[in-house]
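In: Need a 3D model of the sequence below.
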Amino acid sequence: MQFCASIGVDALILHDFTMISRIRSIMPDIVLHLSTQAGVHNADGAATAKRLGFDRVILSREAMLEDIYKIRDTVDIELEMFVQGALCVSFSGNCYFSSLVSGYSGNRGKCMQLCRKPYTYHSKTAYWLSPKDICLADHVKQLIDAGVCSFKIEGRMRRPEYAGEAVKCYKSAVLGERYDLSRMKRIYNRGDYTDLYLLNAKNNVIYSAFPGHIGDKIGKVRAVADDKTVLPTALHKGDGVKFVRDNIETGSALLSQSSDKTTFSGKVRPGDQVRLTTDCELNREIISVKRYVNFRLIAVIDNCSAHFKAVSGGTSAELHVDNLLPAKTQPLNENEIISCFNKTEDFLMKMSDCQVRIDCDVFMPKSQLNAIRRALCEKLRESILKDYRISKNKSTAHNVLSEISYFMSPENCVVFRTDNVDIANRCSNLYDYVAFFPRTWNDATIDQLKLLKKPFLLEIPTIIRGDDRKLVEKTVNEAFVENVIVNNLGAIRLCKDKNILLGPMLNIINTIKDASVILSVEGRNTDKQNFVYYYGNFPIMTFCHCPKKTFYAQCGNCEGCYNDYIHDQHNNRFKLYSYKIAHCYCRLLNCIPVNLTGIDVKTDKKFVDLVGYDAEMCYNILEKINKGEKLPGGTLAFYNKNLE
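Out: Model (predicted):
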């Protein structure tokens with residue numbers, strides 16, 4: 001933070017909201033943006049972010065347009081929206097797949113891309129976890145109307161051509177100009193794009209056929225003869241194509257010359273779809289475009305000194321040189337100055353006008369004139385950047401975390417998580433509190449809670465969109481509901497009158513003074529005040545789409561609740577656990593449990609998650625934990641590896 005302050009950073013994008021007070025103590029004027037990884041997707045979350053002291057929220061990619069409008073109407077905070085690029089299939093900031101496997105956390109900028117690998121579902125192997133790329137170019141005007149002031153385009157690890165064309169695409173959309181989306185598809189296109197859940201909470205976002213670039217469909221193979229395919233149109237030397245049949249890649253080709261015929265690899269047939277994946281002419285066009293800063297040069301040579309001034313808009317930079325030597329044979333002339341300052345493209349600058357006045361004959365080596373040009377351009381660049389500094393933050397920070405009424409537990413406490421009232425009651429002598437997660441949120445939810453024998457904490461869903469809020473709020477507002485587990489910033493506001501236990505999906509890895517927290521599985525506990533996720537098949541992903549609907553291409557009669565499984569290439573079995581509020585959601589549970597039994601976790605506060613286990617298994621596991629016995633198998637999470 002000290003380094004950021006010293007170099008004049010304009011703003012910070014923050015994922016870990018618990019760090020905000022520390023950052024403000026070092027950089028009180030810094031503008032803070034809350035990362036999309038914080039998962040803010042509704043007005044409650046935006047209001048909490050505003051109260052924490054954030055100037056801008058980068059909305060989660062799962063945000064729906066109706067919720068963005070509500071934020072605009074009720075919360076005075078800047079909104080940014082991710083509009084173009086690769087998606088994580090899991091809800092923003094809640095993917096633990098990569099980190100539990102390797103230590104590389106997708107939530108913190110590193111990821112093994114396990115969602116791009118093939119999985120087997122109902123005996124069919126495909127890319128069931130690989131989402132299409134998002135493209136909201138057709139919805140830019142709606143987003144502007146909804147209060148979005150900034151559009152985020154994925155640029156990390158992308159080619160310059162991608163960044164350039166994506167910016168052109170969205171600038172055209174902002175200006176209301178026509179744009180041919182096939183250009184963008186030829187640069188990079190995964191799954192022919194999706195607008196995600198912006199307008200449709202049940203949208204299918206998965207492209208199971210192929211996890212990479214599929215290009216732009218340009219027609220079909222006309223013929224195959226003499227080891228060559230006849231393409232639907234002539235292409236250029238260096239262009240690349242893929243051939244596809246029934247959503248399966250059958251071959252590819254790189255053109256060695258401009259033609260409508262090409263050699264190929266694979267098993268291509270007439271009628272196969274032809275997709276242009278590399279368009280050399282388009283790439284050259286994009287990369288050739290440069291935007292220069294125009295400046296006017298004023299140069300005055302008199303009294304054996306030189307004064308140079310560069311002016312761009314309302315910004316200028318000056319350089320003065322004294323003690324120039326009188327010229328003996330070749331005095332500095334106007335053409336030399338103009339020729340020298342016409343070579344500023346390395347600084348992305350162009351001289352648009354030049355005024356030169358020479359009142360005396362002086363000698364100046366070309367090396368000195370070149371050095372003056374470079375120094376003047378650098379000074380002008382610095383002046384322009386200084387003029388573009390973002391203003392200081394305007395938000396008022398509140399210590400939201402200290403305002404919370406926290407759930408208070410004994411120092412030795414077992415919280416048992418389940419979705420089944422009968423199991424909770426059967427095992428009631430083996431735990432202190434039950435963390436109850438309703439699998440369906442409706443009028444029956446309240447009746448279920450009343451049947452619990454032991455004190456309970458109501459677990460609030462991580463994602464609450466659209467009409468979800470009414471159903472959750474109705475249950476939360478019941479007077480007998482005293483304690484809750486919250487897993488999203490929005491739920492903190494929704495449950496402000498309850499006793500709160502901050503849940504593991506908030507991804508908190510550090511101790512918060514006087515707070516009640518279940519540490520993230522990406523953390524390693526060092527304080528007895530914290531709960532640890534002690535045992536259970538942790539939800540490594542949370543989906544807003546329905547895997548079952550993706551497979552069958554239609555919505556089934558499951559009433560939002562089903563148990564299913566997918567298998568990876570090593571035949572590890574991952575449970576699909578669905579639940580329903582107004583909208584349907586699904587969690588992917590890890591194939592093996594987090595198992596910290598027998599480990600010194602520095603606390604006696606244990607969160608035991610046995611959702612999906614039958615009654616006998618729950619009883620046996622809880623009994624062994626009560627006796628302090630070590631359970632077999634599982635993963636130690638981050639008690640035997642470092643977080644990266």
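In: Dump stretch 619-629 to PDB, keeping only the CA atoms.
Out: Provided in PDB are the C-alpha atoms of stretch 619-629 (Å, rounded to 0.1, in the frame of the first residue of the first chain):
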ATOM      1  CA  TYR A 619     -24.700 -39.600  13.300                       C
ATOM      2  CA  ASN A 620     -21.500 -41.500  13.000                       C
ATOM      3  CA  ILE A 621     -19.400 -38.600  11.800                       C
ATOM      4  CA  LEU A 622     -20.700 -36.200  14.500                       C
ATOM      5  CA  GLU A 623     -20.200 -38.900  17.100                       C
ATOM      6  CA  LYS A 624     -16.500 -39.400  16.100                       C
ATOM      7  CA  ILE A 625     -16.000 -35.600  16.000                       C
ATOM      8  CA  ASN A 626     -17.400 -35.300  19.500                       C
ATOM      9  CA  LYS A 627     -15.100 -38.000  20.700                       C
ATOM     10  CA  GLY A 628     -12.100 -36.300  19.100                       C
ATOM     11  CA  GLU A 629     -11.400 -39.200  16.800                       C
END
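In: So what touches it?
Out: 414, 416, 426-427, 430-431, 534-535, 597, 606, 608, 610, 613, 631 (Cβ atoms under 8 Å, 6 or more residues apart in numbering). In this view, the C-beta of every residue, glycine as well, is placed from N, C-alpha and C.
In: again, only using 6 Å
Out: Cys427, Leu430, Leu631 (Cβ atoms under 6 Å, 6 or more residues apart in numbering).
In: In the residues you listed, which residue is surrounded by the most others?
Out: Using other Cβ atoms under 10 Å as the neighbour criterion, Cys427 leads these with 24 neighbours.
In: pretty sure that one contacts Met617?
Out: No: with contact defined as Cβ atoms under 6 Å, Cys427 does not count as touching Met617 (10.3 Å).
In: sorry, back to before: any chance of the contacts of stretch 619-629 in CSV, with pLDDT too?
Out: CSV is the format used below for the contacts of stretch 619-629 (pLDDT from 0 to 100):
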residue, pLDDT
Cys427, 98
Leu430, 98
Leu631, 98
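In: Take those residues and write them to JSON lines, including secondary structure and distance to Gly53.
Out: Shown next, in JSON lines, are these (DSSP: H, G, I helix; E, B strand; the rest coil; distance: Cβ to Cβ, whole Å):
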{"residue": "Cys427", "secondary structure": "coil", "distance to Gly53": "43"}
{"residue": "Leu430", "secondary structure": "helix", "distance to Gly53": "43"}
{"residue": "Leu631", "secondary structure": "coil", "distance to Gly53": "43"}
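In: Tell me the secondary structure at the residue of the chain most remote from its centre.
Out: Distance to the chain centre peaks in the chain at Lys328, reaching 65.2 Å (criterion: Cα atoms, centre = their mean). Here Lys328 is recorded as coil under DSSP: H, G, I helix; E, B strand; the rest coil.
In: Quick check: pLDDT value at it.
Out: For Lys328, the pLDDT comes out at 90.
In: Check the spacing between the spatially closest residue to it that is not a sequence neighbour and Cys340 real quick.
Out: Among residues not flanking Lys328 along the chain, Phe363 sits closest, at 7.0 Å (Cβ to Cβ, 6 or more residues apart in numbering). As defined by Cβ to Cβ, to the nearest Å, Phe363 lies at a distance of 15 Å from Cys340.
In: Between the two, tell me which one has more neighbours.
Out: Cys340 (19 against 15).
In: For the helix ranked longest in the chain, name the packing helices and strands.
Out: Identified as the longest helix of the chain according to DSSP state H is helix 366-387. If contacts are counted by 3 or more Cβ pairs under 6 Å, 6 or more residues apart in numbering; DSSP states H and E, helix 366-387 sits against strand 305-312, strand 315-321, helix 334-341.
In: Within its sheet, name the partner strands of the second one and how each one runs.
Out: To tie it back to what came earlier, the one meant is strand 315-321. Within its sheet, and counting by DSSP bridges, strand 315-321 is paired with strand 305-312 (antiparallel).
In: buried residues in the partner strand?
Out: Ala306, Phe308, Lys309, Ala310, Val311, Ser312 (16 or more other Cβ atoms under 10 Å).
In: follow-up on the earlier one: for the helices and strands packed on helix 366-387, which one sits closest to Ser391?
Out: strand 315-321 (17.4 Å; Cβ to Cβ).
In: And the closest one, what's buried?
Out: Buried positions in strand 315-321, judged by neighbour count with 16+ other Cβ under 10 Å: Thr315, Ser316, Ala317, Leu319, Val321.
In: Can you lay out these as a markdown table showing distance to Tyr179 and pLDDT?
Out: What follows is these, written out as a markdown table (distance: Cβ to Cβ, whole Å; pLDDT from 0 to 100):
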| residue | distance to Tyr179 | pLDDT |
| --- | --- | --- |
| Thr315 | 32 | 95 |
| Ser316 | 37 | 97 |
| Ala317 | 37 | 97 |
| Leu319 | 43 | 97 |
| Val321 | 49 | 96 |
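In: of those residues, closest to Gln569?
Out: Of all the buried residues of strand 315-321, Gln569 sits closest to Thr315, with 57.2 Å by Cβ to Cβ.
In: Now His33. Nearest residue, chain neighbours left out?
Out: The spatial neighbour of His33 that comes closest, neighbours along the chain excluded (Cβ to Cβ, 6+ apart), is Arg56 at 4.3 Å.
In: nope, Leu254 is what I meant
Out: Nearest one to Leu254, counting by Cβ to Cβ, 6+ apart, is Gly240 at 5.1 Å.
In: who's that neighbour bridged to?
Out: The partner residues for Gly240, given DSSP bridges, come to Leu254, Thr278.
In: wait, doesn't it sit right on Asp279?
Out: No: if you go by Cβ under 6 Å, Gly240 and Asp279 don't touch, sitting 8.5 Å apart.
In: If you count surrounding residues, which of these two has more?
Out: Neighbour tally, Gly240 and Asp279, criterion other Cβ under 10 Å: the higher count belongs to Asp279, 25 against 19.
In: wait, that one sits on Ile187?
Out: No: the criterion here is Cβ under 6 Å, and Asp279 misses it with Ile187 at 8.0 Å.
In: coming back round to it: would you format the contacts of stretch 619-629 as CSV with distance to Leu452 included?
Out: Formatted as CSV, the contacts of stretch 619-629 follow (distance: Cβ to Cβ, whole Å):
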residue, distance to Leu452
Cys427, 11
Leu430, 14
Leu631, 25
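In: If you count neighbours, what's buried in stretch 495-512?
Out: In stretch 495-512, counting by 16+ other Cβ under 10 Å, buried: 495, 498-509, 511-512.
In: What's the end-to-end length of that stretch?
Out: This stretch, stretch 495-512, spans 19 Å end to end (Cα to Cα, to the nearest Å).
In: do stretch 47-63 as well
Out: 15 Å.
In: That one: how far from the chain's middle?
Out: Taking the mean of its C-alpha atoms, stretch 47-63 sits 14 Å from the chain's own mean (Cα atoms, centre = their mean, to the nearest Å).
In: mind checking the SS state of His33?
Out: Relying on three-state DSSP, one would call His33 strand.
In: show me what contacts it?
Out: Residues in contact with His33 (Cβ under 6 Å, 6+ apart) are Ala11, Ile13, Arg56, Ile58.
In: show me the contacts for the second one.
Out: So the one you mean is Ile13. His33, Ser35.
In: what about dumping the CA coordinates of whichever strand or helix holds it to CSV?
Out: Using DSSP states H and E, Ile13 falls within strand 11-14. C-alpha atoms of strand 11-14 as CSV (Å, rounded to 0.1, in the frame of the first residue of the first chain):
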residue,chain,number,x,y,z
ALA,A,11,-7.8,3.8,-7.6
LEU,A,12,-7.6,0.3,-6.2
ILE,A,13,-9.8,-2.6,-7.1
LEU,A,14,-10.4,-4.5,-3.8
